[in-house]
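Participant: I need the structure of the sequence given here:
(3 chains)
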Amino acid sequence: MAAVTLTINGKPVSAPAGATVLEAAQDAGIRIPTLCHLEGVYDVGACRLCLLEVAGSNKLLPACTTKVAEGMEVWTDTERLRKYRRMTLELLFAERNHVCSVCVSNGNCELQTLAYEAGMDHVRYPYQHPQLEIDQTHPLFGMDHNRCILCTRCVRVCWHIEGAGTKNVAGRGAECRIITDLNQPWGESETCTNCGKCVMACPTGALYYKGVSNGEMRHDRHKLEFIVTAREEKQWIA
Amino acid sequence: MDRLKLATVWLGGCSGCHMSFLDLDEFLVELAQRVEVVYSPLVDRKEYPEGVDVCLIEGAVANTDHVELLERIRRCTRVMVSFGDCAVTGNVTAMRNQLGPRNAELALKRAYVECAQEHPGIPHAEGIVPPLLSRVMPVHEVVPVEHYLPGCPPPADRIRAVLTALLEGRAPALEGAQLKFG
Amino acid sequence: MDLNQLLAIKEKELASRRPYTLRCCTAAGCLSAGGDQVKKRLEQAVAELGLSDQVEVRGVGCLRLCCQGPLVHVDPVNELYQKVAPETARQLLERIRGGTVSLETADLHHPFFTKQLSIVLANSGVVDPERIESYIAADGYRALHDALLEMEPRDVIQAIATSGLRGRGGAGFPTGLKWSTVAKSPGTRKYVVCNADEGDPGAFMDRSVLESDPHSVLEGMAIAAYAVGADQGYIYVRAEYPLAIRRLRLAIEQARRLGILGSGIFGSPLNFNVELRIGAGAFVCGEETALMASIEGRRGTPRPRPPFPAESGLWGCPTLINNVETFANVPAIIRNGAEWFASIGTEKSKGTKVFALAGKVKNTGLIEVPMGTTLRTIVEEMGGGAPGGARIKAVQTGGPSGGCVPAELMDVEVDYESLTRLGSIMGSGGMIVMDETTDMVDVARFFMEFCKDESCGKCIPCRAGTVQMHGLLTRILEGKGTTRDLALLEELCDMVKHTSLCGLGQTAPNPVLSTLRFFRQEYERRLKPDRPVHPVALAAGR
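Facilitator: Next up is the predicted model:
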């Protein structure tokens, strides 16, 4: 496959044609913050954290869905992008009830980590404090909508890695909810295979193994990576 | 050189941040030489004084007394620091907001009626027991603050970093994992 | 079906015409005022009075002056009767017998009518939208025939490009360029999609076109299908338009029966079928990628572009998506020539634009004017100004994605570029007039509430940003906001505009930005001072 060269933050980088800017950056050791992106499932460009400035484009483009092009000039970490990223994170924290101190994923949460990396020391927008449910009906797993950021990683692994199609999104705007089957309690789902991939994929404390307490949740992302590697590269290595 | 006038206040929180403050251990001795603690749950003073240099505020804003005190603190204080997650985010204290518009009433009922072992009843004493606000807020929603010191509680080294900077007349510059909530 | 058969239908239809025609508006506006009853009574009366060989009572599409419905146009005396009640309708037959009637007539010499130029709406109010013969009598499907038999696909695209037609959905992308991109995109299967998910508050242009002249849209789509090489079309129409849906279904059925849709149309190699897809009430499905997801049976949420639909659309195939009004322009361009169309309008915006004129204006209804007509002409002359002589304050165009043009700038000529320069957009054609009693902060909050409720929830800036902007606007409106809140609002406007995934989020701040630009004092006079900061803290530059 042909390769193209581009510059990321002024640094010359080469990448195979057809690669995304995110892949090119990762390959070159340049970190771009992401939240909805997950290795092994298709990208949706929804969280807007990986937005880039691209010379010649008046729009900001998401690194996860933008393909590299010859001579492309990309900036990933400008002052403007940093400001927007922090605002995006502030909006997420104000939207639902992300109370880190009493969260199962405290200390093991991508949202929490991104927030402090972005220098978010407080949230300027009023917290919305919505009344949200916790679904504890599944024998193995729980779903706490208070912690959900609607990244849809769980939906995508459920459909495209497990192939069960249990998880989906219902509602509009702030009323969006991750649902199981036709919006019934998870424990009553007839399609859920209990595989737990959604729990592995979740970036926050929204999906967890039952029985974990404050800060105890580990998402076992390596198991997901194992499956993806096996599927894509036919190699059974972790 | 005059010692820095330091105040600490305890609003709607668990006092864990103050406990963490006490975890400063031997730095407390050094601190005692460089600051004068003019108002704090740890010292006996009824009125928040004027001319305070630095005030650490623990806890979220949950009742009318808190609002009143914050107004006074803001008038009398040069540098206000939201101290710990409750002050910065509302944290656990603000979780009653999730109960909807009747959250204050429901929380009181739960605490003083449903869980009461004897004499159930919501305490009322005009002028003594301050009414709860209908919505718990972080401090900066009520008055502007200069600095934020997150953590539940903030670990002692984080507190030390902020105080050291303020003692040296610098703006604290917490970064990375030092800004972690929870 | 061949040309002779088409002409035979036309001849037969024209031969069946009576000396008098009562054209009764049966579009949704007049129907809601009882237009169907008026038509029914007229038909009864004609039968009773034995006037069937003298008078034709024809249900037609929109007669424009919606606020005065039900409307009945009497030919050949050329009189438009307004507010016709079922009880009084019979009087119109007296008029035909030479008597006088006491019904109100509209002034057809009023600028509301005389300043209009009908291309898209040429058949609206003239043909019976429920009979294909009526459309054929008005030279309907002749353009399709000529395109198929006398033009190569590239000639058709060239004609559309030369005409200067631009997308009427709001963004104004050159239609010819879009067609040529789809035509050139490799793929054995291609689609043509008509976006009829009109959702802007106060906008009813597309509904009126579909209710009044559905065949013109089908004809436009078929010509497009020929030009780009598609064999399947979809019309995505919102469920809130039951009459439009019914008439479209009827039109498709009739066209199929005559072989104007289907296989080997007019003996050419073109196979083209059209199916309806009914939207379930999501505003975001007017966004093309969300619309396609919905047609495919998935949740209607947008996806990042590129790839654009022209390259990868429905089921990954090259797909042409145009709006109702865009397609409705096509037959006229093919019939009358690209140069004719290009001679109308301004340098960069050709042809006409249909607007739904509504709000604080005397004459509300449907208008079609040449591009370049000034807002003042539309609002003051055609619309007759605000009722009761109130001062007009602003005109809102483009719905929740648009902005407010203040009264002092109403001399602007309406085209894509000039409205964009003023911080508004052409949009799909909703035009809401506001008088001096209108509170601009409230207007901004209204549109923000709309966007907040209609956000699909996929991307964070739109989903959560609109909630916060709505909250800040509410605070300011209630007099609880501070200068800090206004600063937060402006910062959020900038962020949501530049970081949202699709057009809904990217344009959601527009009503705020536009009212801030021209009516900032209405925000500022509501602000209360920020809480005092310690003077020393202030001195320290904090």
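Participant: In contact with the residue in chain B that chain A sits nearest to, which residues?
Facilitator: Relative to chain A, the nearest point of chain B is residue B:182 (2.9 Å; CB to the nearest CB). For glycine as for every other residue, the C-beta is placed from the backbone atoms N, C-alpha and C. Counting by CB atoms under 8 Å, 6 or more residues apart in numbering or on different chains, residue B:182 makes contact with A:99, A:100, A:101, A:103, A:106, A:107, A:112, A:215, B:85, B:151, B:152.
Participant: again with residue A:123
Facilitator: Per CB under 8 Å, 6+ apart, neighbours of residue A:123: A:90, A:93, A:94, B:89, B:138.
Participant: Show me which residues of chain B sit near chain A.
Facilitator: Residues of chain B lying near chain A by CB under 8 Å from any CB of the partner chain: B:82, B:85, B:88-92, B:94-95, B:97-100, B:135, B:138, B:140-141, B:148, B:150, B:152, B:174-182.
Participant: Buried ones among those?
Facilitator: Neighbour-count burial (16 or more other CB atoms under 10 Å in any protein chain shown) is assigned, among those, to B:82, B:85, B:88-92, B:94-95, B:97-98, B:135, B:138, B:140-141, B:148, B:150, B:152, B:174, B:178-182.
Participant: so which helix or strand takes in residue C:23?
Facilitator: If you go by DSSP states H and E, residue C:23 is part of strand C:20-25.
Participant: Tell me the buried residues in that strand?
Facilitator: So strand C:20-25, judged by 16+ other CB under 10 Å, has buried residues C:20, C:21, C:22, C:23, C:24, C:25.
Participant: Which one of these is nearest to chain A?
Facilitator: Taking CB to the nearest CB as the measure, chain A lies nearest residue C:25 of these, at 35.1 Å.
Participant: how close does that closest one sit to residue C:447?
Facilitator: Separation of residue C:25 from residue C:447 (CB to CB, to the nearest Å): 30 Å.
Participant: Residue C:476 now?
Facilitator: Going from residue C:476 to residue C:447 by CB to CB gives 15 Å.
Participant: Those two: which is more packed in?
Facilitator: Between residue C:476 and residue C:447, counted using other CB atoms under 10 Å in any protein chain shown, the more crowded position is residue C:447 (28 against 23).
Participant: Contacts only, for that one.
Facilitator: Applying CB under 8 Å, 6+ apart to residue C:447 gives the contacts C:201, C:399, C:400, C:508, C:511.
Participant: Separate out the buried members of the residues you listed.
Facilitator: C:399, C:400, C:508, C:511.
Participant: Looks like residue C:75 contacts residue C:23 (just checking).
Facilitator: Yes - in this structure, residue C:75 is within contact of residue C:23 by CB atoms under 8 Å, at 6.8 Å.
Participant: What about the residue of chain A found nearest chain B, how many residues nearby?
Facilitator: Closest to chain B within chain A is residue A:100: 2.9 Å, counting by CB to the nearest CB. Residue A:100 sits with 27 neighbouring residues when counted by other CB under 10 Å.
Participant: how close does it sit to residue A:222?
Facilitator: Separation of residue A:100 from residue A:222 (CB to CB): 24 Å.
Participant: cool, residue C:353 as well?
Facilitator: For residue C:353, the distance to residue A:222 (CB to CB) stands at 58 Å.
Participant: burial count for the residue of the stretch 201-350 of chain C found nearest chain A?
Facilitator: The stretch 201-350 of chain C approaches chain A most closely through residue C:304 (3.9 Å), counting by CB to the nearest CB. Using other CB under 10 Å, residue C:304 is surrounded by 18 other residues.
Participant: Confirm for me that it is in contact with residue C:458.
Facilitator: No - using CB under 8 Å, residue C:304 is not in contact with residue C:458, being 10.3 Å away.
Participant: tell me, what's touching these two both at once?
Facilitator: In terms of CB under 8 Å, 6+ apart, residue C:304 and residue C:458 are both contacted by the residues residue C:501.
Participant: I'd like to know how many residues surround residue B:157.
Facilitator: Residue B:157: 13 neighbours (other CB under 10 Å).
Participant: Name the helix or strand for it, please.
Facilitator: In this structure, residue B:157 sits in helix B:156-167 according to DSSP H and E.
Participant: got the contact list for the strand or helix carrying residue B:30?
Facilitator: Using DSSP H and E, residue B:30 sits within helix B:27-34. Here helix B:27-34 makes contact (CB under 8 Å, 6+ apart) with B:3, B:4, B:22, B:24, B:156, B:160, B:163, B:167.
Participant: switch to 10 Å and redo it
Facilitator: With CB atoms under 10 Å, 6 or more residues apart in numbering or on different chains as the test, helix B:27-34 has contacts from B:1, B:3-4, B:6, B:21-22, B:24, B:37, B:156-157, B:159-160, B:163-164, B:167.
Participant: Kindly report the same for stretch C:147-155.
Facilitator: Contact partners of stretch C:147-155, identified using CB under 10 Å, 6+ apart, comprise C:2-3, C:143, C:156-159, C:179-180, C:183-184, C:219, C:222-229, C:264-270, C:272, C:330-331, C:334-335.
Participant: How is chain A divided into domains?
Facilitator: What the record gives for chain A is the domain set A:3-77, A:83-233, from automatic domain parsing.
Participant: distance between whichever helix or strand residue C:432 is part of and the chain's centre?
Facilitator: Here residue C:432 sits within strand C:430-435, counting by DSSP H and E. Here strand C:430-435 is found 15 Å from its chain centre; the criterion is CA atoms, centre = their mean, to the nearest Å.
Participant: Buried residues, the following helix or strand past that strand. List them.
Facilitator: Counting by DSSP H and E, the next helix or strand C-terminal to strand C:430-435 is helix C:440-454. Of all the residues in helix C:440-454, those buried under the rule 16+ other CB under 10 Å are C:440-441, C:443-452, C:454.
Participant: hang on, the earlier thing: SS state for the nearest residue to the residue of chain A closest to chain B once chain neighbours are set aside?
Facilitator: Nearest residue to residue A:100 in three dimensions, chain neighbours excluded: residue B:182, at 2.9 Å (CB to CB, 6 or more residues apart in numbering or on different chains). For residue B:182, the assignment made with DSSP: H, G, I helix; E, B strand; the rest coil gives coil.
Participant: And residue A:24, by the same measure?
Facilitator: Recorded secondary structure, residue A:24: helix (three-state DSSP).
Participant: Next up, the contacts around it.
Facilitator: Per CB under 10 Å, 6+ apart, neighbours of residue A:24: A:4-6, A:8, A:13-16, A:30, A:32, A:63, A:66-68, A:72, A:74.
Participant: As JSON lines, the domains of chain A with mean pLDDT would be great.
Facilitator: Output for those, formatted as JSON lines (pLDDT from 0 to 100):
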{"stretch": "domain A:3-77", "mean pLDDT": "97"}
{"stretch": "domain A:83-233", "mean pLDDT": "96"}
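Participant: Those domains: which one's closest to residue C:319?
Facilitator: Of all these, domain A:3-77 sits nearest to residue C:319, with 18.6 Å by CB to CB.
Participant: Distance from the closest one to the middle of the chain?
Facilitator: Distance, stretch centre to chain centre, for domain A:3-77: 16 Å (CA atoms, centre = their mean).
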